[in-house]
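1. Need coordinates for the below:
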Amino acid sequence: MEPITVRISVRGYETDAQGHLNQSVYLQYAEHARWSALEHGGIRQSALLDKGVGPVTMETTIRYRRELRAGDEVDVSCVFVWGEGKSFRIEQTIRRADDGTVAAEISAVCGILDLTERKLVADPRDIFRALASDETVFGL
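-> Purely as a prediction, here's the structure:
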């Protein structure tokens, strides 16, 4: 399965005093790609809320590999990795669009929260299967 990829241009106001992309913005790029993947697979935020659930991130690891500067274009990939139980991982890579250089690798442990019970659903794949128009986007 090919990962879902979103292209983003680094904006000047997202950089720090050294002219590098601010570390917190990497998380925003990753989040944007995750929501884009959900939409690509047919899952809209409103559908999740109507079902009384929402995605949650419980842990995120970022490995910074190369700096990014204003004007750079990057491709942010998104791959869902399923195991057993209530959580799953989303693996992401941020690459420079011009030469493919890896700028960062992001790994997140996620789940689907029942918004009434405030607990993770037993099997998040059930939610994805129920709402997705294209399960293959999520590796199902």
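
2. CA only for contacts and neighbour counts going forward, please
-> OK.

3. how about the nearest residue to the spatially most central residue of the chain, chain neighbours excluded?
-> The centroid of the chain falls nearest to residue 34 when counting by Cα atoms, centre = their mean (2.9 Å). Counting by Cα to Cα, 6 or more residues apart in numbering, residue 34 lies nearest to residue 78, which is 6.4 Å off, once chain neighbours are set aside.

4. State the next helix or strand along the chain beyond the helix or strand that neighbour falls within.
-> Element membership for residue 78 (DSSP states H and E) is strand 73-82. Note on strand 73-82: by DSSP H and E, the next helix or strand toward the C-terminus is strand 87-96.

5. Output the contacting helices and strands for that next one.
-> Here strand 87-96 touches strand 73-82, strand 102-114, going by 3 or more Cα pairs under 8 Å, 6 or more residues apart in numbering; DSSP states H and E.

6. hey, where'd the strands end up in the protein?
-> With strands called from DSSP state E, the chain shows them at 4-9, 53-64, 73-82, 87-96, 102-114, 119-120.

7. So what are the sheet partners of the fourth one and their directions?
-> The one in question is strand 87-96. When pairing is defined by DSSP bridges, strand 87-96 lines up against strand 73-82 (antiparallel), strand 102-114 (antiparallel).

8. ditto for the shortest one
-> The sheet places strand 119-120 alongside strand 102-114 (antiparallel), with pairing taken from DSSP bridges.

9. Equivalent analysis for the second one, please.
-> Taking DSSP bridges as the criterion, strand 53-64 sits next to strand 102-114 (antiparallel) in its sheet.

10. Please state the offset of the strand it pairs with from the chain centre?
-> Mean-position distance between strand 102-114 and its chain equals 6 Å (Cα atoms, centre = their mean, to the nearest Å).

11. mean confidence score for that strand?
-> The average pLDDT for strand 102-114 rounds to 98.

12. Now do that strand: everything it contacts.
-> With Cα atoms under 8 Å, 6 or more residues apart in numbering as the test, strand 102-114 has contacts from 26, 30, 52-68, 86-96, 119-121, 124, 127.
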